[in-house]
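Colleague: need a 3D model of the sequence below.
(3 chains)
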Amino acid sequence: MPNRTNNKVILRLIVAVFGMFGFGFALVPLYNVLCDVTGLNGKTAGQYEVTGTLEADQSRFITVQFTTSNNAEMPWEFHPKEAMIKVRPGEINEVFFVAKNPTEHRMKAQAVPSLSPSAAVEFFNKTECFCFTQQALEPGESIDMPLRFFVARDIPEKISKLTLSYTLFSLPEVAAN
Amino acid sequence: MPLRTMPWFRLVVGAMLLSSSSAWAEWTVNMTPGVTAISREIYSLHMIIFWICVVIGVVVFGVMFWSVFAHRKSKGAKPAQFHESTTVELIWTTIPFVILIAMAIPATKTLVKIYDSKESVIDVKITASQWKWRYDYLNDGFGYFSNLRTAQDEIYNKAPKGDHYLLEVDEPLVLPVNTKVRFLITASDVIHSWWVPALAVKKDAIPGFVNESWTIIDEPGIYRGQCAELCGKDHGFMPIVVIAKEQAEYDAWVASRKTAAAQENELKGKELSKDELMERGGKTYATFCAACHNLEGTGTPPVFPALKGSAIALGDKNAHINLVLNGKAGTAMAAFGAQLSEVDLAAVITYERNAWGNDTGDVIQPAEIAKLKAAQ
Amino acid sequence: MSAVLETHNHDHHGPAKGLMRWVFTTNHKDIGTLYLWFSFTMFLVGGCMAMVIRAELFQPGLQIVRPEFFNQMTTMHGLIMVFGAVMPAFVGLANWLVPMMIGAPDMALPRLNNLSFWILPFAFLLLLSTLFMEGGAPNFGWTFYAPLSTTYAPKTVTFFIFGVHIMGASSIMGAINIIATILNLRAPGMTLMKMPLFVWTWLITAYLLIAVMPVLAGVVTMMLMDIHFGTSFFSAAGGGDPVLFQHVFWFFGHPEVYIMILPAFGVVSQIIPTFSRKRLFGYTSMVYATASIAFLSFIVWAHHMFTVGMPLAGELFFMYATMLIAVPTGVKVFNWVTTMFRGSLSFETPMLFAVSFVVLFTIGGFSGLMLAIAPADFQYHDTYFVVAHFHYVLVPGAIFGIMGAVYYWLPKWCGNMYNETLGKVHFWLSFIGMNLAFFPMHFVGLAGMPRRIPDYALQFADFNRISSVGAFMFGATQLLFLYIVINTIRSGKPATAQVWEGTDGLEWTIPSPAPYHTFTTPPEVK
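Modeller: Predicted coordinates for the structure are as follows:
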């Protein structure tokens, strides 16, 4: 039996198997890169550092809608202070979201943003957002959470309305007290 | 048993496509053309491709069955010797390719239209959860849950099934005709999919993400759909009903909705009688609780505990309220605090503590719930 | 004749006696037999689950099972049929046939072969045992979308994950073995382009397995980590994305579909020329078409996810790529039809299965083409139209391919002819039952019935009843198949070495039944 050729083939195949197993995991960062580039699923980017000065585009308004959802088993009250604002591209705006922990124990939460339409994701920049960090609230505590953002000036004309949605997830780690 | 209700009779007749059951009135074998420009376009796309397939099928199977009948050994057919022809292979690679391009052109056009992003007049956020829908009218600031209305008795064959069995809800989605409506679709637990065939809208509802879709309905009417993505136990029991109304009727409906919300707010502060609470609580229970805990309060142990005679329903009132408000972590018991109004919560807890022989005599008032909520 | 041959074989002994023969065997024919019996057992188990599903759907309302259990049945039916029935059956056929077709004495790695079979029963015991555990069996569909299969899964999901790992390992080992055998053990003169098409399709299938089974292992590993080790691959709360699961799953899932059909293409490409008494029309283009289908299978996965919310460019790309698959698939169908054209046809049972394969698989292909049209898919997606589509490619595709193969080669394996009348009865009952079961599903799907529901609206009642009757008929008929096979092994008429009039290939040059050891000295291929 041609053992040497056999071993060579088998070795190559085993390498391929492990390679493909790794590739499965490599799909995770690949997918994230794809999402960043295409705005797939409306995942908005992290903190945006403003360099230079921003100049507002006085010629048009963009409507930005805010909406919130609670994931299952999340008892917090969570809503935007304003449901909708009109903004000028290139102008920094600040809005607040209210969260309240109505339960009898300390809870931690994470808000996950999603922007629609997904084509607008690359033009939506957040300079400050409560969604960058986890929120912890004592029983009965309520908090106003800020979001500072601007819509890039080069946002296409045909996009006139954006909807920013936050889903609040409860995090399993309940602080020991 | 009358002959025509006997299963075997119905089966035989049904197989002969002659059944007289009432369902035949709605009996259909094809996709609905629907009531929007997009749905009609999709329908004609579907029919074009279907007929292309039929023609290809007739040609290919025609040649094949010709061989099957004419080139039989039993008829003395002698096998020909031809094989391998690059020309022939090229021909039958090219022709399908051309046909595919012909199909791709209208498909692409329709798809581009579906992705049109012209600004909408009405924005409805659709939130799916196990196993109901919530509709929030973002521009008008109200929203509500939409649940299956079909009674458990119909499902378990204890009562005759209605005309819209499994396709009826307590609170349908109401939309105006000839207006661009944008749907923002999300979910709060697992993935669901919002589908109304007549609108040709099917979009997955994904927890943590918002998907967008839109429609412009042409004709007033009632359009029914269902959740299309497996979402757990009651995936088959979360229908969608859309009622399309003329603009004026729609405006009136929105106004009445707003008044109702105000009234509900008022009711919150009122003292209700036990009978009032029991009546309202029974309805709320049937919609929100009976799927798991059963109409008779017997539950489906071990997963869904019984409420009849249970320690919680008979024990400490506040513990019971707390459980309903906040749910129980690690179990299927959801938190209803945000989902139900104070009035409904008070009613359903009163009901649970007094129905099926749970005679605690406790009466819980909306104000009590509001106080507990605030104190928490 | 075989006895004579065996006595001359001093170097090799016949099979050991008793149960241990099967436990320790490294003989490709024994292992092939084990795979085939295992597959048939799983086919019956998965079939029983299908019967439960169809019984519940016989009429509207909940009669027999609760929705929770219904979901367990649909999930287990899918998993068992895909991983327990179809895939092992093809590996069994490969074990029996590949060495005999290329003139090899055995598989390249006989001990690995034994191992890859014997871990399979454990994988399925693990999976089936979940039915009796608290929380019940997996209930999230065979596609196990997160988070239904992670955060919201029953506790038994861990057993499911390990089961999938084991069956994946088994498939990978089987694939390595088949590739090594085909590449290294061909008889002198058996060049790649002289190999029978069954060997070719299996070679390509084996490469597909190597490429995608590790990805499946990867995706279930990620699930395991999400469930037990606090990672967030598929949970939005921790920065993950449930849609990512679908991308990774279907990157495995679509090639998997072709893993289940390519070997059947191979089988049909052997059977049709035999009973047409005419050479396969375009051998070379068949090989290239198979390779193109395999290649395209890697770039079409997201057509399973058209409604998930992709950008327009993504939808267009996956729509075009998917439509392209129709070209090589068409080439295959045209070649089969042209092979039959002006042949000298006879219709023994294997040919009946092969001809109905071509017709019904093509119908499944047509509905596949319709599903590829993204805008139309918004109406078809997750309805019974999809259920009809994939059952049309899997039942008369994969299953009829396997049954045709069994009737075709059984005389070679056991030395006896099956009962032709019973074989034909089996075929026709299966054919009618299958069409009765699955054709009406097109209608209810188009009319708006979603898949995976235990109860349905009244307008779907009549077609569902017909489907159920067809399914019961198809299911019951398979017991006849069992009887025919056992009867053939025990008491069929002796078969000749050539078995069929029009056969061509090395396996028909050895006596029937095939001796325990064949081609210990490689044959010379012209």
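
Colleague: measure B:Cys227 to C:His426 for me?
Modeller: To C:His426, B:Cys227 is 40 Å away according to C-beta to C-beta, to the nearest Å. Using the backbone N, CA and C atoms, a C-beta is placed for each residue, glycine as well.

Colleague: what's near enough to touch C:Met193?
Modeller: C:283-284, C:287 (C-beta atoms under 8 Å, 6 or more residues apart in numbering or on different chains).

Colleague: I should have written B:Thr108 there, sorry.
Modeller: Applying C-beta under 8 Å, 6+ apart, we find B:Thr108 in contact with C:316, C:319.

Colleague: need the phi and psi values for it.
Modeller: Main-chain dihedrals, B:Thr108, degrees, to the nearest 10: phi -60, psi -40.

Colleague: could you report the neighbour count for residue 26?
Modeller: If you meant another chain, say so; for now it's chain A. When neighbours are counted by other C-beta atoms under 10 Å in any protein chain shown, A:Ala26 registers 13.

Colleague: oops, wrong one, chain C.
Modeller: Using other C-beta under 10 Å, C:Thr26 has 15 neighbouring residues.

Colleague: one more: C:Arg277?
Modeller: Using other C-beta under 10 Å, C:Arg277 is surrounded by 20 other residues.

Colleague: right, is the helix of greatest length in chain B up against chain C?
Modeller: Counting by DSSP state H, the longest helix found in chain B is helix B:37-70. Yes: against chain C, helix B:37-70 shows contacts by C-beta under 8 Å from any C-beta of the partner chain at B:38, B:41-42, B:45-46, B:49-50, B:53, B:56-57, B:60-61, B:63-64, B:66-68.

Colleague: can you check stretch B:167-174 too?
Modeller: Yes: for stretch B:167-174, a contact with chain C is found by C-beta under 8 Å from any C-beta, at B:Leu167.

Colleague: may I have that stretch exported as CSV, CA atoms only?
Modeller: This file holds the C-alpha atoms of stretch B:167-174, laid out as CSV (Å, rounded to 0.1, in the frame of the first residue of the first chain):
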residue,chain,number,x,y,z
LEU,B,167,-56.4,33.9,12.3
GLU,B,168,-58.2,36.2,14.7
VAL,B,169,-56.8,38.6,17.3
ASP,B,170,-58.1,40.7,20.1
GLU,B,171,-56.6,44.0,18.8
PRO,B,172,-55.9,44.1,15.1
LEU,B,173,-53.4,46.5,13.5
VAL,B,174,-55.4,49.3,12.0
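
Colleague: what's in contact with that stretch?
Modeller: B:124, B:126, B:133, B:135, B:144-150, B:162, B:222, B:224, B:226, B:239-243, B:245, B:250, B:253, B:287, C:457.

Colleague: same question for stretch C:248-258.
Modeller: In contact with stretch C:248-258 (C-beta under 8 Å, 6+ apart) are residues A:24, A:27-28, C:82, C:143-145, C:205, C:208, C:211-213, C:215-216, C:218-219, C:222, C:293-294, C:297-298, C:300-305, C:390, C:393.

Colleague: hang on, the earlier thing: what residues of the longest helix of chain B count as buried?
Modeller: Using 16 or more other C-beta atoms under 10 Å in any protein chain shown as the test for burial, helix B:37-70 gives B:38-39, B:41-43, B:45-46, B:48-50, B:52-53, B:56, B:60-61, B:64, B:67-68.

Colleague: and the helices in the stretch 51-200 of chain B, which stretches?
Modeller: Applying DSSP state H, counting those that start in this stretch to the stretch 51-200 of chain B gives helices spanning B:86-114, B:152-155.

Colleague: actually the stretch 201-350 of chain B, not the one I wrote
Modeller: Under DSSP H, counting those that start in this stretch, the stretch 201-350 of chain B gives helices at B:247-268, B:274-288, B:290-293, B:311-314, B:317-326, B:342-354.

Colleague: those helices: which one's closest to chain C?
Modeller: Chain C lies closest, by C-beta to the nearest C-beta, to one member of the helices of the stretch 201-350 of chain B: helix B:290-293, at 9.5 Å.

Colleague: quick check: mean pLDDT of the closest one?
Modeller: Average pLDDT, helix B:290-293: 83.

Colleague: figure out how far that helix is from the centre of its chain.
Modeller: With C-alpha atoms, centre = their mean, to the nearest Å as the basis, helix B:290-293 stands 19 Å off its chain's centre.

Colleague: tell me the pLDDT at the nearest residue in space to B:Thr186 that is not next to it in sequence?
Modeller: Residue nearest to B:Thr186 in three dimensions, not counting chain neighbours: B:Val210, with 4.9 Å by C-beta to C-beta, 6 or more residues apart in numbering or on different chains. On the pLDDT scale, B:Val210 is placed at 90.

Colleague: who's in contact with B:Val210?
Modeller: Per C-beta under 8 Å, 6+ apart, neighbours of B:Val210: A:42, A:67, A:114-116, A:163, A:165, B:184-186.

Colleague: could you dump those residues into CSV and include distance to B:Gly357 and neighbour count?
Modeller: Below are these laid out as CSV (distance: C-beta to C-beta, whole Å; neighbours: other C-beta atoms under 10 Å in any protein chain shown):
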residue, distance to B:Gly357, neighbour count
A:Gly42, 51, 26
A:Thr67, 44, 23
A:Ser114, 48, 25
A:Leu115, 53, 26
A:Ser116, 50, 27
A:Thr163, 50, 23
A:Ser165, 46, 23
B:Leu184, 45, 25
B:Ile185, 43, 26
B:Thr186, 41, 27
